[in-house]
Each structure stands twice: as C-alpha cells, then as structure tokens.
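Trainee: A structural model of the following input is requested.
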Amino acid sequence: MKIYIKEQAASRLAGKLGGGRLKLHYDTEGCGCGVNGVPVLWIVSEPADGDVEIGTNAMPVLVEKSHIVFYADELIIDVSGAHQYRLSSPQEILNGWMNLVRKE
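Mentor: Numbering: from 1, shown residues only. You can find the predicted model right below:
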C-alpha cells in the first residue's frame, strides 16, 4: 500500500496534528456490516493494536491492518473544501469529504 499526501493537504494536516498521529480509519459504525464502511481521518495519540504504519511522502499514516483490504494499492490524500479532505486512488474517489477527527 502506498499513500501520497498532496502538498496543501500535508501542510494543513501538519498544522492540526499537534503532536498526535494521523490515522486512516475505516469507519463501519452505522453502516450495516463490517464490509460496508467509510474511510475517515483521525488524530490519535498512539497506534492501536493491529495498526500498521505506512510511510508517505509527507508523514507516516496509521492504518488498521485488517482493513487494508478495503483500500486500493495507491491512495492520494488531498484537500476538499475548507475543512475536508479527499481520499482517492487512480481508479476512484473513496471519500470526497473526509473530516479530520481528534480521537486522542
């Protein structure tokens, strides 16, 4: 899995982390079952059990190992509006309006 963070997104994220870690979380709450979910960005203080660290061009990103199967091999994180981010792959947009949620 490769993740590329566009320059504007990297700058905005770096300013909001405040010592926390960036995590790409596959949120299944309220989605019906474990295979239906929505990718979201979290700020966490430390990795959870089962998280793996993915190196990027800008900063490491934590991803739940069990949920990597739901993502494309290449992902791009970019800005999408004043407070949202977009997660895409070369084939599709996975979430065009991701919020950044502090979970510390």
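Trainee: packing partners of the helix or strand encompassing L24?
Mentor: Using DSSP states H and E, L24 sits in strand 21-27. Contacts defined by 3 or more C-beta pairs under 8 Å, 6 or more residues apart in numbering; DSSP states H and E place strand 21-27 against strand 38-44, strand 61-64. In this view, the C-beta of every residue, glycine as well, is placed from N, C-alpha and C.
Trainee: residue boundaries of the helices in this protein?
Mentor: Assigned by DSSP state H, the chain shows helices spanning 7-17.
Trainee: tell me, what residue is most central in it?
Mentor: L24 (2.7 Å; C-alpha atoms, centre = their mean).
Trainee: before we move on, back to that, turn the helices and strands packed on strand 21-27 into JSON lines, including mean pLDDT.
Mentor: Below are these laid out as JSON lines (pLDDT from 0 to 100):
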{"stretch": "strand 38-44", "mean pLDDT": "94"}
{"stretch": "strand 61-64", "mean pLDDT": "97"}
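Trainee: for those, which one ends up most surrounded?
Mentor: Using mean count of other C-beta atoms under 10 Å, the stretch among the helices and strands packed on strand 21-27 with the largest mean neighbour count is strand 61-64, at a mean of 21.
Trainee: now do the contacts for the residue nearest to the centre of the chain.
Mentor: Taking C-beta atoms under 8 Å, 6 or more residues apart in numbering, we find L24 in contact with I3, P39, V40, L41, W42, V61, L62, V63, Y71, L75, I77, L87.
Trainee: the residues you listed into TSV, with extra columns for distance to K16?
Mentor: Output for the contacts of L24, formatted as TSV (distance: C-beta to C-beta, whole Å):
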residue	distance to K16
I3	17
P39	18
V40	14
L41	10
W42	11
V61	14
L62	15
V63	19
Y71	22
L75	19
I77	13
L87	16
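Trainee: of these, which is the nearest to V52?
Mentor: Nearest to V52 among the contacts of L24: V63, at 5.8 Å, using C-beta to C-beta.
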